[in-house]
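# no sequence on this one, just coordinates:
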C-alpha cells in the first residue's frame, strides 16, 4: 500500500481502494494473504486482478517480522523491546525501498531519509544508555555507524561519479550510508558482500534466461536492502560471522 501510494503521490491515511473500480476495500478483504486466496486474486466488486505484489510483500514482511522477534525480542528485557522496534521499523522501510526501486528504478528519498534519522536516533540512544567514560570512543555505536556509513557512501559515490551514474545511481550511495548506520563497522562489509554476490547471481541468471543483456541496467537497491536484512540475521544465526568481523577490527 505504501509503495503504491508513493507512486501516485497520495496520502498514506485513509482506507484502501481498488485501483480498477476505486471502490473501498472491505476490512475482511484486507487480511494479509488470506483475503488474496479467498478472493482468488480478484476484486470482489469489479473482478479486476489483484497484483501478486501484495501477497509476496505480505509474506516476506511476515517472515522478516517473525525472525526479528525470534532473534531479538526478550519479554523480560526492556532494551530488547527497543532493539526489536528498531529492526521492525528499519526492515519495513527497507522493504518499501526494495519494492519501489524494483518497480520504478528509483529510490524513494523520503523513506530513505526517514530511515537515516531513525538509525541515528537509535544509535544515540544506545550510546546514552550505555554511557561510560572508561570505554572510550571505540565502543560508541554512533561512531561505528558513522564509519560504516561513511565507508559505504564513499565507495558507492565513487562508483556513481566515475561512471556518470551508469554503474550506480547517486541514490544508491545514500542508501549505502543508511545501510552503514544500521550495520556499523565492520559489519557493513558483510552486507555489501551479500548485496554484490546476490546481485551478480541474479544478473547472470537473467542474462542466461535472455531477460536482460550485459548492458541492461538492473536496480541495485533491492540487493543492498536485502543484503542488510540478511546480514543482520546471519550475525545472529551463525557464530562464525563474529570471527569474520574480528578480522577487520
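Alright, I've got the coordinates. Remember, predicted model here, so these are calculated numbers, not experimental data.

# Check which helices and strands the longest helix belonging to the chain sits against.
Counting residues, the longest helix found in the chain (DSSP state H) is helix 78-104. Other elements packing on helix 78-104 under the criterion 3 or more Cβ pairs under 8 Å, 6 or more residues apart in numbering; DSSP states H and E are helix 2-7, helix 53-72, helix 109-129, helix 221-237. (Each C-beta comes from the backbone N, C-alpha and C, glycine too.)

# Comparing those helices, which comes out most buried?
Comparing these by mean neighbour count (mean count of other Cβ atoms under 10 Å), helix 221-237 comes out on top with a mean of 21.

# I'd like to know which elements that helix is packed against.
By 3+ Cβ pairs under 8 Å, 6+ apart, helix 221-237 packs against helix 53-72, helix 78-104, helix 170-183, helix 187-208, helix 240-248.

# shaky segments in the protein?
The chain contains residues with pLDDT under 70 at 131-138, 214-216, 240-249.

# Name all residues that make contact with the residue nearest in space to the middle of it.
Geometric centre of the chain, nearest residue: residue 94, 2.1 Å, by Cα atoms, centre = their mean. With contact taken as Cβ atoms under 8 Å, 6 or more residues apart in numbering, residue 94 is in contact with 115, 225, 228, 229.

# Walk me through the domains of the chain.
Here the domain parsing of the chain from automatic domain parsing is 1-51, 52-248.

# most tightly surrounded among those domains?
domain 52-248 (a mean of 17).

# so how far is it off the chain centroid?
6 Å (Cα atoms, centre = their mean, to the nearest Å).
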